[in-house]
Structure formats: structure tokens, C-alpha cells
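K.L.:
make a model of this:
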Amino acid sequence: MVAEALSGSWRAAPPPSTLTSEEWLAAAPALHATAAGGLGWWKVQGSAAALPDVSPGFHDAYRVQTLDARLHERRLLRALARFGAVGIRPILGKGWAVSRLYPRPGLRPYGDLDLHVAPEEHEAAAALLPSCEEGDLRVDLHRGLPRVGRPWAEVAARSFEVEVGGTRVRVLGPEDHLALLCAHLLFHGVWRPLWLCDVALVVEAAPPGFDWDYLSALPAREVEQVRLVTLLAHRLLGADLGRTLWRPDEPIPSWLPRATLRAWGRGGHYTLTTPIALAGGSGGSFLAALRARWPNPIEVTVRWRAPYSGAPRLPLQLMDMAARATRALVAAPRVLASRLRSDAP
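P.N.:
Now for the predicted structure:
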């Protein structure tokens, strides 16, 4: 239901929804929990008269996200001005850089600014961070382009300027941006459907000069990640692959779409919950915390650099769970001691 609710939602004219009012209501909690409420409104608005119980909640999310987008743009410009004052011009990726491609500002929310700087500028840029973060907008500063095997000089040469609020800012070139979006999405187990909408949008909005040869020159594993995520966006969300290198019927591991839909059904991620060392109390809450932390097949494939094959992921999941459980047990005394100190009168 989440996949159907968001299919084509990044387009200027989304396709009509096939969900019933009851199905929209069932999907709504997961959509709101993963910051896709604005896209939900964009998709359902054409059926507002037929879905009176659904539209108001999504419209409220869209209105809040639109206000946040206006505030964040001002904060973005102030942050970039502070970097510019010392001669640093970061390159933007994800967040605002992909939000600007959506038909309306309130459709793609973001909570941080992903700024990429040259490795030699990172230390000076990091010193500015306390003065750049405002309100609920955090600055996520990156040394170069992590998770993408590309020299910084090439990344910088491919970046280009766009205008926001009368100011010119730099964003990643479309090829590097797509590679980054795919790598980031897989690293985090695709738990936010919004991220797959980003990939679908970037693929469909690829300019005529999009350089697939440049993208294909990445390490083989990274090219395979882009292929798999692009095909996943087609299978689950109906992304148009007409401008890509891949056919819609190309095979992908069967566990990939299954794991993605299962992650979307949860409507969140264990990293947003209480640390397991503090989940104590009743045995039931501890077991629930363990279940929430059962490793996502996508995350463990990335974490252990396993092949993206059709082989079962269970051995990887068991190995990953054992390694993380060991680290949690080692850290538990320190975490509990810190909690006790913070609770002390």
C-alpha cells in the first residue's frame, strides 16, 4: 500500500491512485512516520472529494513541510555565506539538492544540509559548524564524496551552479548525485520510501547530456548498486527507465524488494528507538527491542560487502546480529552508568 500510494508521486502530474479510502488510512501512519506525508497529499489530492477522511492529514503535512522548506532555504543561505566568508564553497547533495527537483517545495522535506567539501578544507569547514546550524536544521559535513569511488577533483569539476534566493550555490552533477543517492539508500536499508522516490525522480529528470559512460566508470560494485536501486524504483514505484542503461525486465535478487517493503511496513528504524541497553524493564520490551534490531538484509549486504546475489541473506543476518550483540554487551555498562548519572538528582 505504501508503494502504491507513492507510485509516480514525484511527477508534476502523478498517476491516479488505485487505493481505497481504507487502504489510504492504513498506509497513512507509515507515510507520515517516514516524512512522505507531503507526497501522499500530492498523490491523493486529485481524489480529495472521494477521500475526505484521508486528504486533510496529508494536506497538513504538506503545509508544514512547505513552511519548513522556506525556513530551511534561508538557513541554507546563511550557512553558505559563513563558509564563503572564509573562501569555502561546499557542494550540496541529497536533502535540498534533490528537493529542488520536485514539483513543489513542500513535497520533499529534509532535516539537514549535506555539504561536501574538499578533503583539505574539511578541518576549517568543521570549525564553522556551530555557527551554521539553526533551529532544527543540522549541517552534515562530508569530506569529499563518501561511498562513491570518485576523486574529489572530478566530483568538483562535474558540479554546477543553481540559483536560490538570488544566490548561486553548487550542487553535485547528476551522475555523482545518482550514485550517492543509491549508495546512501542501500547503506540505510531503504527504510524510508522517500529515498527511493528521490532516485526515481533523478532518473526520470536526467538531462539529455547525462553521461552514463562516466557513471559506469565507477567501481563495479557501485555501478551494480545504481542498477539495482534504479530497477527497484521501477518495480515498486513505477519509475520510467527509458533514459537509463537497463531494461525493466532485468533480474534483481528476490530478497531486495521483499526486504524493502518489509522495512516500509515498519514505518521507522531501530536507530530512532531507545538503545537496547535501556530497553530493559519487562522481558517483553527487551524482546521487542531485539526484534526491532533484527538486521535488514539490505543493510547487512552493504555492511559486510557481500555480493548482491540471489543467495539467502540469513547467514549474513545471523553473523551481523552476533557482532552487534557483542558490541552492545560491551557497551552496556557504560550506557547504563551514563543513564544513572543523568537521572541522579
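
K.L.:
just after the helix or strand of the chain with the lowest mean pLDDT, pick out the following helix or strand.
P.N.:
When the helices and strands of the chain are scored by mean pLDDT, DSSP states H and E, helix 283-292 comes last with a mean of 63. Beyond helix 283-292 on the C-terminal side, the first helix or strand identified by DSSP states H and E is helix 297-303.

K.L.:
what packs against that next one?
P.N.:
Secondary-structure packing of helix 297-303 (3 or more C-beta pairs under 8 Å, 6 or more residues apart in numbering; DSSP states H and E): helix 174-187, helix 255-266, helix 314-343. For the C-beta atoms, the positions are set from N, CA and C on the backbone; glycine is no exception.

K.L.:
which one of those has the most crowded surroundings?
P.N.:
Counting by mean count of other C-beta atoms under 10 Å, helix 174-187 has the highest mean neighbour count of the helices and strands packed on helix 297-303, with a mean of 23.

K.L.:
of all the helices and strands packed on helix 297-303, which one comes closest to Glu22?
P.N.:
helix 255-266 (16.6 Å; C-beta to C-beta).

K.L.:
determine how far that closest one lies from the middle of the whole chain.
P.N.:
Centre-to-centre, helix 255-266 and its host chain are 15 Å apart (C-alpha atoms, centre = their mean, to the nearest Å).

K.L.:
could you export it as CSV, CA atoms only?
P.N.:
Provided in CSV are the C-alpha atoms of helix 255-266 (Å, rounded to 0.1, in the frame of the first residue of the first chain):
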residue,chain,number,x,y,z
TRP,A,255,15.1,-10.6,-1.3
LEU,A,256,15.7,-6.9,-2.3
PRO,A,257,12.0,-5.8,-2.9
ARG,A,258,10.8,-8.1,-0.1
ALA,A,259,13.2,-6.5,2.4
THR,A,260,12.3,-3.0,1.2
LEU,A,261,8.5,-3.5,1.6
ARG,A,262,9.1,-5.0,5.0
ALA,A,263,11.2,-2.0,6.1
TRP,A,264,8.4,0.4,4.8
GLY,A,265,5.8,-1.6,6.8
ARG,A,266,7.7,-0.9,10.0
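
K.L.:
name the helices or strands packed onto that helix?
P.N.:
Contacts defined by 3+ C-beta pairs under 8 Å, 6+ apart place helix 255-266 against helix 2-6, helix 21-33, helix 220-237, helix 297-303.

K.L.:
and the next helix or strand past whatever helix or strand Gly57 lives in?
P.N.:
Secondary structure assignment for Gly57, by DSSP H and E: helix 55-84. Next helix or strand after helix 55-84 toward the C-terminus (DSSP H and E): strand 91-93.

K.L.:
can you list contacts of whichever helix or strand comes after that following strand?
P.N.:
Where DSSP H and E defines the elements, the next helix or strand beyond strand 91-93 is helix 95-99. With contact meaning C-beta atoms under 8 Å, 6 or more residues apart in numbering, helix 95-99 is reached by 69, 72-73, 76, 105, 107-114, 164, 171-172, 177, 181, 198, 201-202.
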